[in-house]
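A.B. asks: Just need the structure, nothing else, for what follows:
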Amino acid sequence: MTSTTLPNWLTRVGVFDLETTGVDVATDRIVTAHVGVLDRHGREIAARDWLADPGIPIPDGAAAIHGISTEHARTHGRPAGEVVAEISNALRVLFAQSMPIVAYNASYDFSLLANEAARHGIPALIDPQPVIDPLVIDKAYDRYRPGKRTLSVVAEHYAVPLDDAHEASADAVAAGRVALALAREFGLSQTAAELHTQQIGWARDQAESLTEYFIKVGRLDPAETLDGSWPVRG
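C.D. replies: All right, here's what the predicted structure looks like:
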């Protein structure tokens with residue numbers, strides 16, 4: 001039965017998304033970022049966007065996804081270190097208010113941000129929490145639903161509009177609205193801390209299951225494992 005109410009702690013949430021030069025959290029760089037706040041109705045009531053010059057060329061494949069070329073980033077982007085510091089501080093302020101931060105596939109965004117902070121000598125977020133990851137939650141509650149689990153697909157499944165996929169603000173807001181939809185659909189833990197802890201276990205279990213599948217189909221060697229650390233990879 002679908003719940004029509006939200007836990008009190010989920011009536012205002014932060015949202016966070018990065019668009020980057022690639023998918024390697026250790027070596028790729030931030031290009032654009034969005035941090036905002038949604039109310040209980042999914043309306044964005046605060047927002048900030050960044051465009052960085054990542055300091056390295058943006059591969060054509062990445063530019064085709066988010067629309068930012070190397071030339072555009074170099075001309076209009078701000079120094080990467082300044083951007084990383086401001087993103088980290090914006091998130092730190094929201095966490096200090098005990099506001100949950102929604103990020104789709106959170107271990108990607110928070111891990112890449114941590115590595116960028118280290119690269120630029122900026123204090124990293126220490127044990128960021130509470131974090132809400134709609135990808136982890138959706139897999140936990142609807143494990144056997146067939147099909148992909150990209151943000152676009154999952155947003156459509158929960159009737160959340162996403163008109164500009166792979167644009168940081170659009171993805172961040174859509175992820176926040178998916179989180180609210182999940183809370184209404186399934187009912188979530190009554191405390192943000194409890195949900196955060198549950199997601200640590202779910203993410204670990206999901207990584208173990210995916211590791212087994214990849215080994216079975218030959219995409220991983222038997223000695224390899226996927227990192228299930230969450231919300232920051234080990």
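
A.B. asks: any idea how far the helix or strand hosting residue 172 is from the chain center?
C.D. replies: Assigned by DSSP states H and E, residue 172 belongs to helix 168-186. In terms of C-alpha atoms, centre = their mean, to the nearest Å, the centre of helix 168-186 is found 11 Å from the chain centre.

A.B. asks: Summarise which helices and strands it is packed against.
C.D. replies: Helix 168-186 sits against strand 12-20, strand 30-39, strand 44-53, strand 101-102, helix 134-141, helix 151-157, with contacts defined as 3 or more C-beta pairs under 8 Å, 6 or more residues apart in numbering; DSSP states H and E. C-beta here means a position set from N, CA and C on the backbone, and glycine is covered the same way.

A.B. asks: Deepest in the core, which of the ones you listed is it.
C.D. replies: The highest mean neighbour count among those, using mean count of other C-beta atoms under 10 Å, belongs to strand 101-102: a mean of 27.

A.B. asks: Roughly how far does the most centrally placed residue in the chain sit from residue 18?
C.D. replies: Central residue of the chain (C-alpha atoms, centre = their mean): residue 103, 2.8 Å from the mean position. To residue 18, residue 103 is 9 Å away according to C-beta to C-beta, to the nearest Å.

A.B. asks: Give the other helices and strands that the longest helix anywhere in the chain contacts.
C.D. replies: Criterion DSSP state H: the longest helix present in the chain is helix 192-217. Here helix 192-217 touches strand 131-132, helix 134-141, going by 3+ C-beta pairs under 8 Å, 6+ apart.

A.B. asks: now that helix: how far from the chain's centre is it?
C.D. replies: On C-alpha atoms, centre = their mean, the centre of helix 192-217 falls 16 Å from that of its chain.

A.B. asks: which regions of this protein lie under the pLDDT threshold?
C.D. replies: Low-confidence segments of the chain (pLDDT under 70): 1-4.

A.B. asks: Could I get the helices and strands packed on helix 192-217 in TSV, plus columns for distance to residue 161?
C.D. replies: Shown next, in TSV, are these (distance: least, C-beta to C-beta, whole Å):
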stretch	distance to residue 161
strand 131-132	19
helix 134-141	15
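
A.B. asks: if we can go back for a sec, how big is the angle separating the helix holding residue 172 from helix 134-141?
C.D. replies: 20 degrees (axes from the mean of the first three to the mean of the last three C-alpha atoms, to 10 degrees).

A.B. asks: Tell me which residues of helix 168-186 come out buried.
C.D. replies: Of all the residues in helix 168-186, those buried under the rule 16 or more other C-beta atoms under 10 Å are 168-185.

A.B. asks: Please name the nearest non-neighbouring residue to residue 104.
C.D. replies: Using C-beta to C-beta, 6 or more residues apart in numbering and skipping the chain neighbours, the partner closest in space to residue 104 is residue 175 (4.0 Å).

A.B. asks: My guess is the one you found contacts residue 101. True?
C.D. replies: No: using C-beta atoms under 8 Å, residue 175 makes no contact with residue 101, being 10.2 Å away.

A.B. asks: joint contacts of these two?
C.D. replies: Residues touching both residue 175 and residue 101 by C-beta atoms under 8 Å, 6 or more residues apart in numbering: residue 15.

A.B. asks: Verify the stated contact: residue 87 with residue 113.
C.D. replies: Yes: using C-beta under 8 Å, residue 87 makes contact with residue 113 at a distance of 6.5 Å.

A.B. asks: Overlap in contacts, those two.
C.D. replies: residue 30.

A.B. asks: Taking strand 12-20 as reference, get the angle to the longest helix of the chain.
C.D. replies: Orientation of helix 192-217 against strand 12-20 (the same axes, to 10 degrees) gives an angle of 40 degrees.
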